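Student: build me a structure from this.
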Amino acid sequence: MAKKKSFAKALNAQISNEFAASQQYVAMAVYYDRETLPRLASFFYRQALEEREHAMMMIQYLLDVDEEVEVPDIKSQPTSYGDGITPVKEALAQEQRVSDEIFGLFELARELKDYRAEHFMQWFVKEQVEEVALMGDLLNVVERSSENLLMAEEYIARESLGEESDDPTAPPAAGEG
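Tutor: Okay, here's the model as predicted:
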């Protein structure tokens, strides 16, 4: 007999992925902090908080629909890189991977005819389009300024990269109320 698919189980796995992404971004921020690139560091610290908030939104959803929540273990992340471009390349790859995971969750919700879950996942689909574009833009700038990452620092400051305003369509996060 085939094992029954569970959106809650899949979302718990994604909560783990979101917390892992947050930790990876903290590690990248630490690298840039150590390299005295404060705007890149600040950008990645903000990204880490955003990924944590995504996990907390997912936790709140599971609580709201009376499903079990699993809090994952934390795996350590490297804080050293061979150059200033590698962390951004890894961040773009991570956002592309997360997009695939989010799309998979959306497809699972649709397959299970779980309309609440499908509606919940719509915001994350939109968010991932923005995140992949943001990291792609940052990678372009960092690659062009690889000889002098202070140019990337100037770009981040000028464009207020990663500084978002509150999104009233975002799902509520656990602990925010």
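
Student: can you show me the CA trace of stretch 25-44 as PDB?
Tutor: C-alpha atoms of stretch 25-44 as PDB (Å, rounded to 0.1, in the frame of the first residue of the first chain):
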ATOM      1  CA  TYR A  25      23.100  33.500   5.600                       C
ATOM      2  CA  VAL A  26      24.400  34.200   9.100                       C
ATOM      3  CA  ALA A  27      27.600  32.400   8.100                       C
ATOM      4  CA  MET A  28      27.900  34.500   4.900                       C
ATOM      5  CA  ALA A  29      27.300  37.600   6.900                       C
ATOM      6  CA  VAL A  30      30.000  36.700   9.400                       C
ATOM      7  CA  TYR A  31      32.500  36.200   6.400                       C
ATOM      8  CA  TYR A  32      31.700  39.700   5.000                       C
ATOM      9  CA  ASP A  33      31.900  41.200   8.500                       C
ATOM     10  CA  ARG A  34      35.300  39.700   8.900                       C
ATOM     11  CA  GLU A  35      36.300  41.100   5.500                       C
ATOM     12  CA  THR A  36      35.200  44.600   6.700                       C
ATOM     13  CA  LEU A  37      32.400  44.700   4.100                       C
ATOM     14  CA  PRO A  38      29.600  46.000   6.400                       C
ATOM     15  CA  ARG A  39      26.900  46.500   3.800                       C
ATOM     16  CA  LEU A  40      27.300  42.900   2.400                       C
ATOM     17  CA  ALA A  41      27.300  41.600   6.000                       C
ATOM     18  CA  SER A  42      24.200  43.600   6.900                       C
ATOM     19  CA  PHE A  43      22.500  42.400   3.700                       C
ATOM     20  CA  PHE A  44      23.100  38.800   4.600                       C
END
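
Student: average pLDDT across it?
Tutor: Across stretch 25-44, the average pLDDT comes to 97.

Student: give me the contact list for it.
Tutor: 45, 47-48, 51, 77-81, 84, 87, 90-91, 138, 149-150, 152-153, 156-157, 161-162 (C-beta atoms under 8 Å, 6 or more residues apart in numbering). C-beta: built from backbone N, CA, C; applies to glycine.

Student: could you say which helix or strand holds the residue nearest in space to the middle of the chain?
Tutor: By C-alpha atoms, centre = their mean, the mean C-alpha position of the chain lies nearest to residue 51, the distance being 4.0 Å. Using DSSP states H and E, residue 51 maps to helix 38-64.
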